[in-house]
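Trainee: Mind looking at a prediction? Sequence and model below.
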Amino acid sequence: MKKILLLFGGESTEHEISILSARNVQASVDKKQFQVALGYISKRGQWRLTSDFDNLENGRELQPILGAGKFAIAGQPDYQPDVIFPVLHGVGGEDGTVQGLAEMLHIPVVGCGVEASAICMDKIATKQILQTAGIKTVPYVVATKTADYNEIAKKLGQVLFVKPPRQGSSVGVSKASNQSEFRAALAEALKYDNVALVEQAIAGRELEVGILGNPPQAKASPVGEIIAGAEFYDYNAKYAADSTSKTAIPADISPEIAQEIQQIASKAFTVLNCAGLARVDFFLRGDEIYLNEVNTLPGFTNISMYPKLWQNSGLSYTELTTKLINLALTP
Ligand SMILES: Nc1ncnc2c1ncn2[C@@H]1O[C@H](COP(=O)(O)OP(=O)(O)O)[C@@H](O)[C@H]1O
Ligand SMILES: [Mg+2]
């Protein structure tokens, strides 16, 4: 039996979402092949080995022994996982930091390595690389606190999206259509980062594709659509119990557009040097396709698109987690 350390929680604003994702991943892992240990990272960043999602704070502290492929646990034998499966979203997990620690421990990790994780966490860096590769992204400017709405609106149009470049789950994202909304949006985004990403608002559809595998063998899933139950797909539209957001899998689009989106997603995965998995998100306005962002550790919650996209192509949740773990073991 291979030993899998599932890491979840974490210091980011997406702590709670990560716990929901990890519960599903834990439930779906094939227990005949894999022995799963729960590695909970508290909001303060402590790592604890726990046996139970309902008792997260009381686990035993995990101390990484660098270069040795294992962890020390007070009063217990060392713990040596074969693979780390980070089910962490956002800063301190999806951004290359945990991947770097895994590398220094000499433990294989599910999903992208340090570089791709760090780049994809940063929406501005991602755009710069995609632009170089000829992949269309939403027109944008990088703004600091003195930015002026009218000047930006001249370039990008009246309706803007303002976001922190390195967040997720729509935290800090707002829409702004005038100077005062823009000031508030900018202040909100700048709570999370030292610059804000300001984009043209794309009045279109939101489409998502899963990628699974290591290039050149990585495969694209069917295309899914997010139908946000709010003005845009904000935090509540994503996760609130009373959210009316829906997904359509596969999306009701022409086969040509679907294929083009899959091709762009696969190309982005390769040029960003991704591995294992990613969910690539798009906007479609008319027949114009814009790549919005690449999520290297997409959600695995009950409503999450990534596992659903694979289910639609005939891969069960358990087959998906088996494949992800095996991709880390034998890249
Ligand atoms: N340029 C844009 N045009 C239209 N809607 C946008 C734009 N940028 C973001 N949004 C809306 O905000 C949501 C969250 O923004 P996104 O860039 O995906 O950040 P996150 O990483 O938090 O998911 C998107 O799913 C979409 O509904
Ligand atoms: Mg998004």
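Mentor: Alright, I've got the coordinates. Ligands and ions are numbered 1, 2, ... in the order given.

Trainee: Can you name the element that comes right after the lowest-mean-pLDDT helix or strand in the chain?
Mentor: Every helix and strand in the chain was compared by mean pLDDT, DSSP states H and E; the lowest is helix 235-239, with a mean of 86. Per DSSP states H and E, the first helix or strand lying C-terminal to helix 235-239 is strand 246-248.

Trainee: can that next one be found next to ligand 1?
Mentor: No - applying CB under 6 Å from any ligand atom, one finds strand 246-248 separated from ligand 1 by no less than 12.3 Å. (Each C-beta comes from the backbone N, C-alpha and C, glycine too.)

Trainee: And that strand, how far out from the chain middle?
Mentor: 18 Å (CA atoms, centre = their mean, to the nearest Å).

Trainee: How about the secondary structure of Ala184?
Mentor: Three-state call for Ala184 (DSSP: H, G, I helix; E, B strand; the rest coil): helix.

Trainee: got a list of what it touches?
Mentor: Ala184 is in contact with Ser174, Ala176, counting by CB atoms under 8 Å, 6 or more residues apart in numbering.

Trainee: At the contact with ligand 1, which residues of the chain appear?
Mentor: Going by CB under 6 Å from any ligand atom, the residues of the chain near ligand 1 are 138, 161, 163, 167-170, 173, 199-202, 206, 228, 232-233, 281, 292-293.

Trainee: Now a PyMOL select for only the buried ones of those residues.
Mentor: Per 16 or more other CB atoms under 10 Å, the buried members of these correspond to this PyMOL selection:
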select buried, resi 138+161+163+167+168+169+170+173+199+200+201+202+206+228+233+281+292+293
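
Trainee: related to what we said a few turns ago, in the least confident helix or strand of the chain, what's buried?
Mentor: Buried, per 16+ other CB under 10 Å, within helix 235-239: Tyr235, Ala237, Lys238, Tyr239.

Trainee: That helix - contacts with which helices or strands?
Mentor: Using 3 or more CB pairs under 8 Å, 6 or more residues apart in numbering; DSSP states H and E, no helix or strand is in contact with helix 235-239.
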